Each structure stands twice: as structure tokens, then as C-alpha cells.
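Q: fold the following.
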Amino acid sequence: VATDLAQLPQLHALKKTAEGSGAEGVRLVLHDEIRDMEPLVNAVAALHCPTSGVLDSHALIEYFETKAVKNGVDIATNSELTELQQLPGPGWKLSVSPVDLDSGSSARADRSSGSVAKESAAVTANVVVNCAGLGSGRVAALAGIDLDNARLRVYA
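A: All right, here's what the predicted structure looks like:
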């Protein structure tokens, strides 16, 4: 979003970056069209990308967690993914190490008892969802995905 005309060159540069990253349909929109789309946004210009969006990732994951648990899924929280191996046929083997988020050490707090377990575990899954935030590139690499070749690398 450009709130004044001096910011237009930066907006054009950002548009080129988005297009170079594979974003489709990116276009510059001006004040009147911005007002039609988002009446509370005060800008002279902005980028519109119909194939992209912003969402509340925490609320989305909370929703997915609730649905998954109701369907018998086990969820490993406070754990660091250390290995991700595709199995012959469908599925993945995931190795995780527990992490105590309070101390930063390799130990996991048990939600029910408050005790700390110091064990690693391996689980299998038919599907792996990478929602590791800033660590998502590392998780993708563990899965053998080259972000540059797959055109998935994003620069903010």
C-alpha cells in the first residue's frame, strides 16, 4: 500500500518481486478502486493479488486441530521435527524431539501432568502439513523440497 505518491516506485518494485516469485494476476490499483474494495484503507495506490490472501493462521490451525482430534489424529506439540522421510508407497515417517518452550531445552512438558518427558519419538502420517512459520523452509528441505526449484521461496 502506498499512502503517498513518493512510495509508488517501491510499490512497482514490490510488484516485480511478486511476479518474479510466481504470483499471478498482480496489478496496481488506485485510490477509487481501493476504496471500493476496502473502504477503511486510505491509500493512493496498492497491489492487488487475487491469488493471495491474509488469514488468522492461529485460528485456522486451532480449527484444524479440533477437527483432527475429533477424527482420531494425534498431534505432537512442543516438538521439533528432526527427520522427515517419505515411505515407499504413501506416507511419511516423522522423527520429533521434545522441546520445553519455557527453558528452551530438549524436553517436552506433558499437558496433563505438567511433567517433562525427555524422549524422542517417531510417528507415521499419510499427510504432512507444513505450518512451521519461519521454520517452514527447513521443514521443506527435510522433505526434499528445493524451494528455489519449486518456486516456493518468498521474501518479505
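Q: can we go C-alpha only for contacts and neighbour counts from here?
A: OK.
Q: how many residues are close by Arg153?
A: Burial of Arg153 is recorded as 12 neighbouring residues (other Cα atoms under 10 Å).
Q: OK, contacts around it?
A: Residues in contact with Arg153 (Cα atoms under 8 Å, 6 or more residues apart in numbering) are 21, 147.
Q: please report how far it lies from Gly133.
A: Between Arg153 and Gly133 the computed distance is 13 Å (Cα to Cα, to the nearest Å).
Q: do Thr17 as well
A: Thr17 is 21 Å from Gly133, by Cα to Cα.
Q: what of Leu60?
A: Using Cα to Cα, Leu60 is found at 13 Å from Gly133.
Q: find residues that contact each of those two.
A: Common neighbours of Leu60 and Gly133 (Cα under 8 Å, 6+ apart) do not exist.
Q: quick one, which of Thr17 and Gly133 is more surrounded?
A: Taking neighbours as other Cα under 10 Å, Thr17 and Gly133 compare with Thr17 leading, 15 against 9.
Q: for the host helix or strand of that one, the averaged confidence score.
A: With elements taken from DSSP states H and E, the one containing Thr17 is helix 8-20. Mean pLDDT, helix 8-20: 92.
Q: okay, buried residues for that helix please.
A: Neighbour-count burial for helix 8-20 flags 8, 11, 15, 18 (criterion: 16 or more other Cα atoms under 10 Å).
Q: between the residues you listed, which is nearest Val54?
A: Distance to Val54, by Cα to Cα, is smallest for Ala18 among the buried residues of helix 8-20, at 15.1 Å.
Q: the closest one: what's its closest spatial neighbour, skipping adjacent residues?
A: Nearest residue to Ala18, sequence neighbours excluded (Cα to Cα, 6 or more residues apart in numbering): Val26, at 7.4 Å.
Q: test my guess that Ala125 contacts Gly91.
A: Yes: at 5.5 Å, Ala125 and Gly91 qualify as touching, with contact defined as Cα atoms under 8 Å.
Q: burial of Glu62, as a residue count?
A: Around Glu62 there are 11 residues (other Cα under 10 Å).
Q: give the rounded mean pLDDT of whichever helix or strand it is part of.
A: In the assignment (DSSP H and E), Glu62 maps to helix 57-70. On average, the pLDDT along helix 57-70 is 91.
Q: hmm, who's touching it?
A: For helix 57-70, contacts defined as Cα under 8 Å, 6+ apart pick out 74-75.
Q: run the chain-centre distance for that helix.
A: Its chain's C-alpha centre and that of helix 57-70 lie 14 Å apart, by Cα atoms, centre = their mean, to the nearest Å.
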